[in-house]
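Next come a sequence and a model predicted from it.
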Amino acid sequence: MTTKKTAAEKTTAEKPAKKAATKKAAPAGKAAAEPATAETAPARKTAAKKAAAKKTAPAKKAAPTKATPTKTSATKTSTATKTSAAKKAPAKKAPAKKSPAPKPPGFAKRESRAAMVKRAHAINEVLAETYPYAHPELDFEDPFQLLVATVLSAQTTDLRVNQTTPALFAKYPTPEDMAAAVPEELEELIRPTGFFRAKARSLLGLSAALRDDFDGEVPATVDALVKLPGVGRKTAFVVLGNAFGVPGITVDTHFGRLARRWKWTTSEDPVKVESDVAAIFEPSEWTMLSHRVIFHGRRICHSRRPACGACPVAPLCPSYGEGETDPEKAKKLLKYEKGGMPGQRLKPPADFPGPPAPPMGG
């Protein structure tokens, strides 16, 4: 006969069941503290996987956060590159073209041979008005002194030669005297002119040649003069034109430079320059033309800074603008008597407008 359980008994019976359930759940929570059993092992593995998943998840989420600065850095780099390129961009632009030098009125850029010759004669007329006193700028009293002074003038100024020759000619007044000079003593006298050893050899050689071959006299022909030691065509024409009145064109540094600036020639060769200019002017003009052009090259149309703004030839010059064009600034570039300073001669001609040059040490 089955006996019905009372409510109290049911309650008492349920309590052990709940305790059993509690005991079964406990190992999962206390897995780290209690030794693993066959039943608890799966639960521990599951818990470990969940823990690993939780640790891994933040790492995955953090990845985009780390990538963000990289993109930002790349963006900054790109921006910096563009900015740098933008800054450098102006440097790639072609430099602004300089405006051409101003040309004085009346000058034609293109001209025929006939027009060039006409312009050349006009330049000579202007130079004649500007330098009516043009003359050789070496002090001399006879052909021998002029020959010696011209040889000494190479690679130096006429002023330095003029300051040196008084003592030289006082000791050696004739070719015979100079031919017999002691080389060392001659060198010491001409030392101020530079290249004194080479020049001394030339003076001793030409003096001996004059003594032995020309009876102590300076010859009056180009062919004879150029055979003397240290004498070239330029020196020969200086002597012929100024000591003997024989026409000649003296192509020194100044003459050649101005002849090219004025488009009388394009050659750098003195002999060719001489030939080109000789074809433009009559022989009667050659000697004085040489003086005028050389005067102008020394006083106004300088090699490095020509005084274009103070040049009387400017309206006829195709090279106008190579130098200073401002009139006031150009006036400060003028030399010798044009600049209010002494000339190169210690004994200038009577009509020379400037003061004489001082002697050595003066």
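Sure, I can see it. Numbers count the residues shown, from 1 in each chain.

can you list the weak-confidence ranges in this protein?
Scanning the chain for pLDDT under 70 picks out the ranges 1-109, 362.

Would you map the helices across the chain?
Applying DSSP state H to the chain gives helices spanning 7-29, 40-92, 113-130, 143-152, 158-171, 175-179, 183-190, 196-213, 222-225, 233-239, 253-261, 270-278, 283-299, 327-331.

For the fifth one, buried residues please.
Neighbour-count burial for helix 158-171 flags 158, 159, 160, 161, 162, 163, 164, 165, 168, 169 (criterion: 16 or more other Cβ atoms under 10 Å). The way it works is simple: take the backbone N, C-alpha and C, and place the C-beta from them, glycine included.

Pipe those into JSON lines and attach distance to residue 234 per row.
Converted to JSON lines, the buried residues of helix 158-171 look like this (distance: Cβ to Cβ, whole Å):
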{"residue": "158", "distance to residue 234": "13"}
{"residue": "159", "distance to residue 234": "18"}
{"residue": "160", "distance to residue 234": "18"}
{"residue": "161", "distance to residue 234": "14"}
{"residue": "162", "distance to residue 234": "18"}
{"residue": "163", "distance to residue 234": "22"}
{"residue": "164", "distance to residue 234": "20"}
{"residue": "165", "distance to residue 234": "18"}
{"residue": "168", "distance to residue 234": "21"}
{"residue": "169", "distance to residue 234": "22"}
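
burial measure for residue 330, as a count.
Residue 330 has 20 neighbouring residues, counting by other Cβ atoms under 10 Å.

no wait, residue 260
Residue neighbour count, defined by other Cβ under 10 Å, stands at 16 for residue 260.

Against residue 111, how distant is the residue nearest to it when sequence neighbours are not counted?
Once flanking residues are discounted, residue 260 sits nearest to residue 266: 6.6 Å by Cβ to Cβ, 6 or more residues apart in numbering. Going from residue 266 to residue 111 by Cβ to Cβ, to the nearest Å gives 14 Å.

Compare neighbour counts for the two and give me the winner.
residue 111 (14 against 10).

and the more buried one, what does it touch?
residue 119 (Cβ atoms under 8 Å, 6 or more residues apart in numbering).

Would you check how far apart it and residue 117 are?
10 Å.
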